[in-house]
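A.B. asks: Coordinates only, no sequence provided:
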């Protein structure tokens, strides 16, 4: 009997040694706790968390039309964004922040929404009641269908002239989805977001009109728009039912028209100011010019008494014959008589040739 017991014990030890090691406890993931489940407008609720990535930046909001497990149906447009708070996770993966209670733009059921902005992009919702805020049922679910992307994703559209001058760039993200579930999906609501650098995408709700039957597929087009003056490397994400379906990179060129505008402005404005200043100087400058700038009067030619007498005397008939170089010089008068007192010969006297 003793050897039987020894053999049984040996078999038990060998069996335990051959069993696989027990798996380590799975990481529970990020968690959020609230100091109270209900609060009125103007109050505060302490939000604490654990299991987050150390150093991550979190965003805390009170959102309406939401429930844990279903997410915020209206996206961040259903949240009290102006009264949100930011928190930084410490080295142990924990945080604690006092969040003011505010009424969201959508009716309750409400949640405290905690989402990662940089680094870890997980989101956790905790049920919270805003006292005195309206309550309305959540929108009906679109069905038990499951959507999956079946084809490559692309961005359609191009930038226009206004985008070159800083207008918001816009595109359409196009992808093909198939319904892998057992129920049709009617008018599914997607969440489209864009991220730049290390920041997490900010999602906005986009509803696609149509019905996708089980086992069928459909081409989905959703608009995407960035902020004015955006440039650089962006990533467009599409999420459905809390899961990311699509991620597509988007390289946005720099709006050089804005740079050209500022360069022209730097040249035109100083030139315009200079012209205005010169016009003002011309207005306020005295009307009389300095003496050194006045034009000198022309000197009148000097005339002798004999020249004045010549100008008064009736001149002979104008000779049309060509004049020589010495004809312009005045003829000197004889000293013993004036031109008017010279004796004239009688018309009847005959001319003598050769007489002195």
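C.D. replies: Happy to help now that I have it. Keep in mind that this is a model prediction, so the values were computed, not measured.

A.B. asks: Could I get the full set of helices for the stretch 1-150 of the chain?
C.D. replies: Counting by DSSP state H, counting those that start in this stretch, one finds helices in the stretch 1-150 of the chain at the ranges 2-18.

A.B. asks: Where does the prediction get shaky in this protein?
C.D. replies: 1-28, 74, 118-121, 140-145, 287-356 (pLDDT under 70).

A.B. asks: Pull the number of nearby residues for the nearest residue to residue 93 once chain neighbours are set aside.
C.D. replies: Leaving aside its chain neighbours, residue 93 sits nearest to residue 52 (5.0 Å; criterion: CB to CB, 6 or more residues apart in numbering). C-betas here are computed from N, CA, C, even on glycine. Other residues lying near residue 52 total 26 when counted by other CB atoms under 10 Å.

A.B. asks: Tell me who's in contact with residue 52.
C.D. replies: Residues counted as contacts of residue 52 (CB atoms under 8 Å, 6 or more residues apart in numbering) are 30, 58, 89, 93, 94, 95, 116, 120, 122.

A.B. asks: cool, and residue 153?
C.D. replies: Residue 153 neighbours (CB under 8 Å, 6+ apart): 173, 174, 175, 246, 248.

A.B. asks: what's the residue nearest to residue 93 sitting at in phi/psi?
C.D. replies: The phi and psi torsions at residue 52 (degrees, to the nearest 10) take the values phi -90, psi 160.

A.B. asks: Residue 256 too?
C.D. replies: The phi/psi pair for residue 256 (degrees, to the nearest 10) reads phi -70, psi -20.

A.B. asks: in terms of contact, does it touch residue 164 like I think?
C.D. replies: Yes - using CB atoms under 8 Å, residue 256 makes contact with residue 164 at a distance of 6.5 Å.

A.B. asks: Between the two, point out the one with more neighbours.
C.D. replies: Using other CB under 10 Å as the criterion, residue 256 and residue 164 rank with residue 164 on top: 15 against 12.

A.B. asks: what about that one, distance to residue 109?
C.D. replies: Distance of residue 164 to residue 109, computed by CB to CB, to the nearest Å: 46 Å.

A.B. asks: Hmm, residue 231 and residue 253 touching each other?
C.D. replies: Yes - shown here, residue 253 and residue 231 form a contact pair, counting by CB under 8 Å, at 6.2 Å.

A.B. asks: Mutual contacts of these two, please.
C.D. replies: Counting by CB under 8 Å, 6+ apart, residue 253 and residue 231 have no common neighbour.

A.B. asks: the more surrounded of these two?
C.D. replies: Between residue 253 and residue 231, counted using other CB under 10 Å, the more crowded position is residue 231 (17 against 11).

A.B. asks: wait, what's in contact with the more buried one?
C.D. replies: 252, 253, 254, 255.

A.B. asks: Just the buried ones from the residues you listed?
C.D. replies: 252, 255 (16 or more other CB atoms under 10 Å).

A.B. asks: Sitting in strands, which of the contacts of residue 231 do you find?
C.D. replies: Residues of the contacts of residue 231 located in strands (DSSP state E): residue 252.

A.B. asks: Quick one: the contacts of residue 231 as a markdown table, columns for distance to residue 242 too.
C.D. replies: Output for the contacts of residue 231, formatted as a markdown table (distance: CB to CB, whole Å):
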| residue | distance to residue 242 |
| --- | --- |
| 252 | 28 |
| 253 | 33 |
| 254 | 35 |
| 255 | 35 |
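
A.B. asks: which residue packs closest to residue 135, ignoring adjacent ones?
C.D. replies: Distances taken as CB to CB, 6+ apart place residue 108 nearest to residue 135, at 4.7 Å, with adjacent residues excluded.

A.B. asks: Tally up the residues packed near that neighbour, please.
C.D. replies: The burial count for residue 108: 23, using other CB under 10 Å.

A.B. asks: residues contacting it?
C.D. replies: Going by CB under 8 Å, 6+ apart, residue 108 touches 64, 65, 129, 130, 133, 134, 135, 136.

A.B. asks: Quickly note the distance from the second one to residue 71.
C.D. replies: What it means is residue 65. For residue 65, the distance to residue 71 (CB to CB) stands at 10 Å.

A.B. asks: between those two, who's got more neighbours?
C.D. replies: A direct count of neighbours by other CB under 10 Å for residue 65 and residue 71 places residue 65 higher, at 24 against 19.
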